[in-house]
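Chemist: using only what follows, build the 3D model:
(one chain, ligands or ions: 1)
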Amino acid sequence: MNRKILIFSSLIVGFVLLGMGLMFFVQNVVFSKENKSILQQKSVTKNFTLVAKQFSFEPGIIIVNKGDKVRLTIINQDVEHSFSLPAFNLDVNLPTRETKIVEFTADKVGTFTFRCWVYCGAGHSDMAGQLVVKGLDMP
Ligand SMILES: [Cu+2]
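Modeler: Presented below is the predicted three-dimensional model:
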């Protein structure tokens, strides 16, 4: 009889310890990972004003962090141009002297070229710039 009680109570103690271990695992391993991914997903909107004119974009380099929402206000100061950033499936026409707003999420790391795809004169092929998307672990 005593022996049965002993086995029974040690089983209960075993289950309680197992349960506590499980709770510890869930709280510290599962939830901490979830929190981390929530933190990484928390994106910041980065605003830039870009001037498009024969034959450049200014600034010519845009630097953001991976995950940033990028909002470009593109002011076209002269003839028709376009803003094309194929890596992010963007190709936006920029009519003469109009301003366009372009938004996208910088969801991949690297250096990507954007350029004008509308022939705008002799220097058209030089009308390009670069988007630099840094990884979270990069300085
Ligand atoms: Cu052009």
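
Chemist: what residue ranges in this protein score low on pLDDT?
Modeler: 1, 5, 7-8, 12-13, 16-17, 19, 21-22, 24-42 (pLDDT under 70).

Chemist: near the ion, which residues of it are found?
Modeler: Proximity of the chain to the ion, by C-beta under 5 Å from the ion, involves residues 116, 120, 124, 127. Backbone N, C-alpha and C define where each C-beta goes, glycine included.

Chemist: let me have the residues you listed in CSV, extended by neighbour count.
Modeler: Putting the residues of the chain next to the ion into CSV (neighbours: other C-beta atoms under 10 Å) gives the following:
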residue, neighbour count
C116, 25
C120, 20
H124, 17
M127, 24
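
Chemist: from the residues you listed, which ones fall inside helices?
Modeler: Among these, none falls in helices (DSSP state H).

Chemist: quick one: contacts of whichever strand or helix holds V64?
Modeler: Here V64, judged by DSSP states H and E, is contained in strand 61-65. Contacting residues not belonging to strand 61-65 are listed as 44, 46, 48, 50, 70, 72, 106, 129-136 [C-beta atoms under 8 Å, 6 or more residues apart in numbering].

Chemist: try 7 Å this time
Modeler: With C-beta atoms under 7 Å, 6 or more residues apart in numbering as the test, strand 61-65 has contacts from 46, 48, 70, 106, 129-134, 136.

Chemist: now do stretch 131-139
Modeler: Counting by C-beta under 7 Å, 6+ apart, 40, 61-66, 85, 106, 108-112, 114 sit against stretch 131-139.

Chemist: which among those count as buried?
Modeler: 62, 64-66, 85, 106, 109, 112, 114 (16 or more other C-beta atoms under 10 Å).
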